[in-house]
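Novice: Provided below for reference: sequence and predicted model.
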Amino acid sequence: MTDNHHYLPESAMAIMAHPDDIEFACAGTLAGWAKAGTRVSYVLCTSGDVGIARPGMTKKEASAIREKEQRAAADIVGATEVVFLREPDGMLQATLELRKKLVREIRRFRPEVVFCGDPTRMWVAGTYINHPDHRAASLAAVDAIFPAAGQPNLFEELAEEGLTAFKPRKVYASRFDGGDHLVAIDDTMETKLCALRAHRSQFEQWDPTESVRERAAHLAKGHDMNFAEAFTVTTLESDKLWEQHHGEALGRYPGA
Ligand SMILES: [Zn+2]
């Protein structure tokens, strides 16, 4: 299924492992939605503190640099908040503790759509093994989104922080190799690349701009678009249930 910006949620949250993961995965989609009025929140499990290979660079300095870069990238896309959980980069694990931290963010921001990675992605194109932090963040995110966030008697102690159970409407799991749902990003391809370039410390070693553009063009091929981001989309709440629970006017949701 393709989506040329017909579906416009009220709010969206992206949960990823490192600064720059959101830019690779879904910043084009989020930029389009943010421009049209969607509230957008970023949650980064780590601050990428082992991701700058400069002599003398400490983890503390690196995380400060990378958080600043991530905030700049979020500004470019139009995300209104960036949350850093500050788990250790390179050692992320999909623990119950991390699941609870993510449930807290979901119950607080109450996103209609949550973006995450694909926890089943392992072997990539014969040249790369998906980073263990990516796999851990994806799995923790999926497990937080469903069923945990929507279960009032799970992590019920979060009620003391005023946070009650919340079930997101849809999950968009990023798929670099296809997936079942394409979002056209023709209008936001340059914004996506601009946000990616905000991660200046990462460009000291390589420039992924062209490969990102080629990938987006490849995904769009044969569809009525020039550039796309791809997802596996899961609808956890039907239009009818979402309307019952949230009283939304559904005129802007033509069966997305
Ligand atoms: Zn990453």
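Specialist: Done, it's in. Numbers count the residues shown, from 1 in each chain.
Novice: buried stuff in stretch 32-40?
Specialist: 32-34, 38-40 (16 or more other C-beta atoms under 10 Å). All C-beta spots, glycine's among them, are computed from the backbone N, C-alpha and C.
Novice: and of the residues you listed, the nearest to F176?
Specialist: Among these, G32 lies closest to F176 (C-beta to C-beta), at 18.8 Å.
Novice: okay, and the closest one sits in which element?
Specialist: helix 27-35 (DSSP states H and E).
Novice: ok now do the closest residue in space to I65 that isn't next to it in sequence, which residues does it touch?
Specialist: Nearest non-adjacent residue to I65, counting by C-beta to C-beta, 6 or more residues apart in numbering: S201, 5.4 Å away. Residues near S201 by C-beta atoms under 8 Å, 6 or more residues apart in numbering: 51-52, 62, 65-66, 69.
Novice: what does E204 give?
Specialist: 52, 54.
Novice: so K240, which state does it fall into?
Specialist: With DSSP: H, G, I helix; E, B strand; the rest coil as the basis, K240 sits in helix.
Novice: quick one: it from A12, how far?
Specialist: 21 Å (C-beta to C-beta, to the nearest Å).
Novice: that older thread, so which of the contacts of S201 wins on neighbours?
Specialist: For those, neighbours were counted using other C-beta atoms under 10 Å, and R66 has the most, 26 neighbours in all.
Novice: per-residue confidence for that residue?
Specialist: Here the pLDDT value assigned to R66 is 98.
Novice: tell me the SS of the residue of the stretch 151-256 of the chain found nearest the ion?
Specialist: Minimum separation of the stretch 151-256 of the chain from the ion (C-beta to the ion) falls at Q202, amounting to 9.5 Å. At Q202 the chain is in helix, as set by three-state DSSP.
Novice: quick one, what contacts K35?
Specialist: Taking C-beta under 8 Å, 6+ apart, we find K35 in contact with 78, 188.
Novice: mind checking how far it is from G78?
Specialist: From K35 over to G78 the distance is 6 Å, taken as C-beta to C-beta.
Novice: also R121?
Specialist: Distance from R121 to G78, counting by C-beta to C-beta: 27 Å.
Novice: quick one: which of these two has more around it?
Specialist: G78 (21 against 18).
Novice: what about the closest residue to the more buried one other than its chain neighbours, distance to the ion?
Specialist: Closest residue to G78 apart from its sequence neighbours, by C-beta to C-beta, 6+ apart: A34 at 3.2 Å. Per C-beta to the ion, to the nearest Å, A34 is found 22 Å from the ion.
Novice: for M122, same thing?
Specialist: Separation of M122 from the ion (C-beta to the ion): 15 Å.
Novice: and A136, by the same measure?
Specialist: In terms of C-beta to the ion, A136 sits 11 Å off from the ion.
Novice: now the residue of the stretch 151-256 of the chain closest to the ion, nearest residue through space, not along the chain?
Specialist: D20 (5.7 Å).
Novice: measure the one you found to R200 for me?
Specialist: Counting by C-beta to C-beta, the gap from D20 to R200 is 10 Å.
Novice: one step back: residues touching the residue of the stretch 151-256 of the chain closest to the ion, list them.
Specialist: Q202 touches 20, 51, 69, counting by C-beta under 8 Å, 6+ apart.
Novice: just checking, the second one touches A62?
Specialist: Yes: proximity of G51 to A62 meets the contact threshold set by C-beta atoms under 8 Å, at 6.5 Å.
Novice: and the residue nearest to Q202, what is it in contact with?
Specialist: D20 neighbours (C-beta under 8 Å, 6+ apart): 48, 69-70, 73, 196, 199, 202.
Novice: one more time with 10 Å, if that's ok
Specialist: For D20, the contacting residues are 27, 44, 48, 51, 66, 69-70, 73, 195-196, 198-199, 201-203, 208, by C-beta atoms under 10 Å, 6 or more residues apart in numbering.
Novice: from those residues, which shows the smallest pLDDT?
Specialist: F203 (89).
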